[in-house]
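> Show me the folded form of this:
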Amino acid sequence: MSEPILELRGVCAGYGNIQALREVSLKVMPGEIVTIIGANGAGKSTTLMTICNVVRATSGQVFYQGRDITGLSADKLPGRGLCQVPEGRRIFPRLTVQENLEMGAFLRKDAARIEFDLDKVFTYFPVLKERRKQPGGTLSGGEQQMLAVGRALMTRPRLLLLDEPSLGLAPLIVQRIFSIIRTINQEEDVTVLLVEQNANLALQTASRGYVLETGSVVLEDTSANLLANPDIRKAYLGE
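Residues are numbered from 1 along each chain as shown. Just a heads-up that it's a prediction; the model follows:
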């Protein structure tokens, strides 16, 4: 069996005196889509930010492709194939759509492949091609989310961390983005770790899931089992 592409071992992290993660351990295998679900404030986004060392782990270890990356500067990770699409998109509003996408390839030197990948992003998100000369800040929320995902794809990621990709978006746009996430996973062989408030959609998209409560993993199972779990259905699926 192959080793995990990502593994957290007993990770603790927080903000000042507030402990946000308590002994979080999880694994993501190559080729998987894995989701983390939980209530607001459970530590989902903090988990992703700790993986990228935006929030420092106070104890425990983070391994990526078998190497300990705990404490590794966040700017070193895209060049290693680990890229995050943060909550709230965080595109460059004054740069054009194309310039935003080119920023995703900033560390790359393979010009011909960059052009190929740019065309592929435009295939996934045709609206971005139509708006390629527009400032990113003039796009709708859904278009900005597409741009944020496209920018991450321009890094040629092996592991993509997605933080609340459905946040504030209309249902049809959400379905489009999640369809692309599944396509990227299957056709581009990109592993995905997904944090998503819409637990039903997340579990329908992922093969496995972890449930976080107050900074701790309280349950791990296949998505099918989590969807069938009456406690999960009551707590997170509104049933």
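
> what does stretch 115-130 rub up against?
Contacts to stretch 115-130, defined as Cβ atoms under 8 Å, 6 or more residues apart in numbering, come from residues 97-98, 101-102, 105, 132, 143, 146-147, 149-150, 153-154, 156, 180, 183-184. All C-beta spots, glycine's among them, are computed from the backbone N, C-alpha and C.

> rerun that using 6 Å as the cut-off
By Cβ atoms under 6 Å, 6 or more residues apart in numbering, the surrounding residues in contact with stretch 115-130 are V97, L101, E143, M146, G150, L153, M154, I180.

> pLDDT of that stretch, averaged?
What stretch 115-130 shows for mean pLDDT is 93.

> same deal with stretch 220-238?
Stretch 220-238 shows a mean pLDDT of 92.

> Stretch 204-212 now?
Averaging pLDDT along stretch 204-212 yields 96.

> next one: stretch 80-96
If you average the pLDDT over stretch 80-96, you get 89.

> now that stretch: how far from the chain's centre is it?
Stretch 80-96 sits 11 Å away from the centroid of its parent chain (Cα atoms, centre = their mean, to the nearest Å).

> Ends of that stretch, what's the gap?
Terminal residues of stretch 80-96 are spaced 26 Å apart (Cα to Cα, to the nearest Å).

> buried sites along that stretch?
Residues of stretch 80-96 classed as buried: R80, G81, L82, C83, Q84, V85, P86, E87, R89, I91, T96 (neighbour count, 16 or more other Cβ atoms under 10 Å).

> Correct me if wrong, but the fourth one is in a helix.
No - looking at C83 with DSSP: H, G, I helix; E, B strand; the rest coil, it is strand, so not inside a helix.

> how close does it get to R132?
21 Å (Cβ to Cβ, to the nearest Å).

> which residue ranges form the helices in the protein?
44-51, 97-104, 111-124, 126-130, 141-153, 171-187, 199-205, 223-228, 230-236 (DSSP state H).

> closest one to E164 among the ones you listed?
Ranking the helices of the chain by their distance to E164 (criterion: Cβ to Cβ) puts helix 44-51 first, at 7.3 Å.

> Show which residues not belonging to that closest one make contact with it.
Counting contacts by Cβ under 6 Å, 6+ apart, the residues outside helix 44-51 that touch it are 13, 20-21, 36, 38, 55, 57, 62, 87, 161, 163, 195, 212.

> So which of those wins on neighbours?
When neighbours are counted by other Cβ atoms under 10 Å, L21 leads the contacts of helix 44-51 with 27 neighbours.

> Which strand residues bridge the residue nearest the centre of the chain?
Nearest residue to the geometric centre of the chain (Cα atoms, centre = their mean): L162, 1.6 Å. Beta-bridge partners recorded for L162 (DSSP bridges): V85, L194.
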